[in-house]
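**Student:** Structural data only, the sequence is not supplied:
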């Protein structure tokens, strides 16, 4: 069951990512990105990280991508032209991407013992709530980074308000 | 049932539950429309639909038939795939969130909970997430229609929904703090100790949160007095101007299904869900499994019905907001009050522990 979910949504994520690249209209690309994020959320969930999955859907798919689509709609961005791109993309880009994929899979495969394995859906039925564990970690051992991040976000919000206001 | 494995029993029960809940929800949607037209009619000193069947009770069937049989217009300049996808997203998201709502008391048969499709430990977050995905239906419908009124309507609706989602989410935090869980069953269980006085709105002192939730919920569902997205006097019909036939009906059904979901959530979080307001006072009357299940469902339906009536009453009473007033109300009033409510609840809880 979990394997089937993993395969379906893994494939959906890859298909969405490819569609994101091949679509010519920006709004279609943005929607494919939403599909990718939703399938990632399902993958998180099948790994037992249900809070992460919900946050992914609410924050990324529900808020950030809506703003993206908003901007695309308001700017009325048209279809982009297909160009052949630069030569460098063909000469350096494709071998580079292949090299990175090879390197990453080599590292992951050779360090399989140290990385350990995970259980698909194995943590879903555990009695300890995922959310209480996350909040406990956030407010004890990771308190300083958490607060610093919130201050960073606060600064960003204030900056946006200052920039958006016409008269001060 | 002995020759079936546990998984098969679970699968069968789940499919039956989904079918039953879907049928009941769609019927409830149809009859909420009738209820709204009737009550609104009486509020405005006229009859409302009264011709089809006794008291106009068959009106929803005829309306549905009419919408089915109408010609499905497809304007030439629309963005075809998205134009078709938008109502599907809207209705799909509106119906999916019902899946985590517990309708009655915990009633286990063969290890399956009869009155809830899926008991998730993040049920509340699932509802919020599905609602935030539902925004796409409206945003895409306006853009793909290629019509300025549709675009304006959908921009208004989307901006309004994103803004009020914050106040809505924050107003629920107080309840979550009190229950210590995001599972809707646990939240209901945390209020069922002494009947009405342990409900979150009374005993939990969450009435501020409740009023914030109520306002934000009206805005979330694009209902009056926040129905700027379909202001007839300015925007023809808003984001569904170009839609006809079943595609229009899907938006219509999505709006009413959202109303029902929001009423269900208000019932679950602030009014004790399916628990009786008298607590365990009359437990001896409905002691059997069937009776207690029926009683709990009756309480739940009665509470949801009250909220639907309140919706209609507000629509018949209040005039529409102006757009800047709407945004100012959401961001400058509801959001700070919701934050203060969270702080006060957290302080009170930590003081009592």
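**Tutor:** Looks like it arrived, so ask away. Values in this document were obtained by computation on a predicted structure and should not be read as measured data.

**Student:** From here on, just use CA atoms for contacts and neighbour counts.
**Tutor:** Noted.

**Student:** which residues of chain B fall in helices?
**Tutor:** B:6-43, B:59-69, B:80-96, B:123-144, B:148-179, B:184-189, B:207-220, B:232-235, B:245-270, B:289-317, B:323-328, B:335-352 (DSSP state H).

**Student:** Nearest residue to the middle of chain B?
**Tutor:** Nearest to the mean C-alpha position of chain B, by C-alpha atoms, centre = their mean, lies residue B:261 at 2.0 Å.

**Student:** Check the helices of chain B for me and report the most buried one.
**Tutor:** helix B:123-144 (a mean of 25; mean count of other C-alpha atoms under 10 Å in any protein chain shown).

**Student:** Near chain B, which residues of chain A? Just list them.
**Tutor:** Contacts of chain A with chain B, taken as C-alpha under 8 Å from any C-alpha of the partner chain, map to A:50-51, A:54, A:57-58, A:61-63, A:66, A:70, A:73, A:129.

**Student:** Nearest to residue B:152, out of the residues you listed: which one, please.
**Tutor:** Among those, residue A:73 lies closest to residue B:152 (C-alpha to C-alpha), at 10.8 Å.

**Student:** Local confidence estimate at the closest one?
**Tutor:** Here the pLDDT value assigned to residue A:73 is 80.

**Student:** which residue packs closest to it, ignoring adjacent ones?
**Tutor:** In this structure, residue A:73 finds its nearest non-sequential neighbour in residue B:143, 6.6 Å apart by C-alpha to C-alpha, 6 or more residues apart in numbering or on different chains.

**Student:** And the helices in chain A, which stretches?
**Tutor:** A:2-22, A:26-46, A:50-55, A:65-75, A:87-88, A:94-110, A:112-115, A:130-139, A:143-164.

**Student:** Give me the below-cutoff pLDDT ranges for the stretch 251-353 of chain B.
**Tutor:** Along the stretch 251-353 of chain B, segments meeting pLDDT under 70 span B:280-288.

**Student:** Contact partners for the residue in it that chain A sits nearest to?
**Tutor:** Closest approach of the stretch 251-353 of chain B to chain A (C-alpha to the nearest C-alpha) occurs at residue B:331, with a separation of 12.9 Å. Neighbour list for residue B:331: B:163-164, B:167 [criterion: C-alpha atoms under 8 Å, 6 or more residues apart in numbering or on different chains].

**Student:** low-confidence ranges in chain A?
**Tutor:** In chain A, residues with pLDDT under 70: A:77-78, A:80, A:82-85, A:118-129, A:167-168.

**Student:** most centrally placed residue in it?
**Tutor:** residue A:37 (5.6 Å).

**Student:** Once you drop chain neighbours, what's closest to it?
**Tutor:** residue A:61 (6.3 Å).

**Student:** What is the burial count for the one you found?
**Tutor:** 25 (other C-alpha atoms under 10 Å in any protein chain shown).

**Student:** Enumerate the residues of the stretch 151-300 of chain B near chain A.
**Tutor:** B:155, B:162.

**Student:** In contact with the closest residue to chain A within the stretch 151-300 of chain B, which residues?
**Tutor:** Per C-alpha to the nearest C-alpha, the residue of the stretch 151-300 of chain B with the smallest distance to chain A is residue B:162, at 7.1 Å. For residue B:162, the contact set (C-alpha under 8 Å, 6+ apart) comprises A:63, B:132.

**Student:** Recalculate using a threshold of 10 Å.
**Tutor:** Residues in contact with residue B:162 (C-alpha atoms under 10 Å, 6 or more residues apart in numbering or on different chains) are A:62-63, A:66-67, B:132, B:135, B:219-220.

**Student:** now, the most widely separated pair of those residues?
**Tutor:** Pairwise distances among the contacts of residue B:162 were taken by C-alpha to C-alpha; the largest, 18.5 Å, belongs to A:67 and B:219.

**Student:** contacting residues for residue 11?
**Tutor:** Answering for chain A, as no chain was given. Per C-alpha under 10 Å, 6+ apart, neighbours of residue A:11: A:5, A:17, A:36, A:39.

**Student:** should've been chain B
**Tutor:** B:5, B:17, B:112.

**Student:** any idea how far it lies from chain A?
**Tutor:** 12 Å (C-alpha to the nearest C-alpha, to the nearest Å).

**Student:** pretty sure residue B:131 is in contact with residue B:93, am I right?
**Tutor:** Yes - with contact defined as C-alpha atoms under 10 Å, residue B:131 counts as touching residue B:93 (6.7 Å).

**Student:** Residues in contact with both of the two, list them for me.
**Tutor:** Going by C-alpha under 10 Å, 6+ apart, residues that sit against residue B:131 and also against residue B:93 are residue B:258.

**Student:** okay, now residue A:165: neighbour count?
**Tutor:** Residue A:165 has 8 neighbours, counted by other C-alpha under 10 Å.

**Student:** so how far is chain B from it?
**Tutor:** Residue A:165 is 15 Å from chain B, by C-alpha to the nearest C-alpha.

**Student:** Let me see the backbone angles for that residue.
**Tutor:** For residue A:165, the backbone dihedrals (degrees, to the nearest 10) come out as phi -80, psi 140.

**Student:** Excluding chain neighbours, give the residue nearest to residue B:133 in space.
**Tutor:** Counting by C-alpha to C-alpha, 6+ apart, the residue nearest residue B:133 is residue A:62, at 5.3 Å.

**Student:** ok, and what's touching stretch B:310-325?
**Tutor:** For stretch B:310-325, contacts defined as C-alpha under 10 Å, 6+ apart pick out B:32-33, B:35-44, B:156, B:160, B:214, B:218, B:223-229, B:231, B:259, B:263, B:304-309, B:326-330, B:332.

**Student:** redo that, cut-off 8 Å
**Tutor:** With C-alpha under 8 Å, 6+ apart as the test, stretch B:310-325 has contacts from B:36, B:39-40, B:43-44, B:218, B:223-228.

**Student:** From start to finish, how long is it in a straight line?
**Tutor:** From its first residue to its last, stretch B:310-325 covers 22 Å (C-alpha to C-alpha, to the nearest Å).

**Student:** for stretch A:47-61, same thing?
**Tutor:** 19 Å.

**Student:** Name the residues of that stretch that are buried.
**Tutor:** Going by neighbour count (16 or more other C-alpha atoms under 10 Å in any protein chain shown), the buried part of stretch A:47-61 is A:47-58, A:60-61.

**Student:** Report the distance from stretch B:20-33 to the chain centre.
**Tutor:** Stretch B:20-33 has its C-alpha centroid displaced from the chain centroid by 12 Å (C-alpha atoms, centre = their mean, to the nearest Å).

**Student:** Give me the contacts around it.
**Tutor:** B:60-61, B:95, B:253, B:256-257, B:260, B:308.

**Student:** Spell out which residues make up each domain of chain A.
**Tutor:** A:2-126, A:128-168 (automatic domain parsing).

**Student:** quick one: which of these is nearest residue B:150?
**Tutor:** The nearest among the domains of chain A, by C-alpha to C-alpha, is domain A:2-126 at 12.1 Å.

**Student:** now the helices of chain B in JSON lines, with distance to residue B:104?
**Tutor:** Shown next, in JSON lines, are the helices of chain B (distance: least, C-alpha to C-alpha, whole Å):
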{"stretch": "helix B:6-43", "distance to residue B:104": "12"}
{"stretch": "helix B:59-69", "distance to residue B:104": "27"}
{"stretch": "helix B:80-96", "distance to residue B:104": "18"}
{"stretch": "helix B:123-144", "distance to residue B:104": "16"}
{"stretch": "helix B:148-179", "distance to residue B:104": "18"}
{"stretch": "helix B:184-189", "distance to residue B:104": "10"}
{"stretch": "helix B:207-220", "distance to residue B:104": "22"}
{"stretch": "helix B:232-235", "distance to residue B:104": "39"}
{"stretch": "helix B:245-270", "distance to residue B:104": "10"}
{"stretch": "helix B:289-317", "distance to residue B:104": "5"}
{"stretch": "helix B:323-328", "distance to residue B:104": "36"}
{"stretch": "helix B:335-352", "distance to residue B:104": "28"}
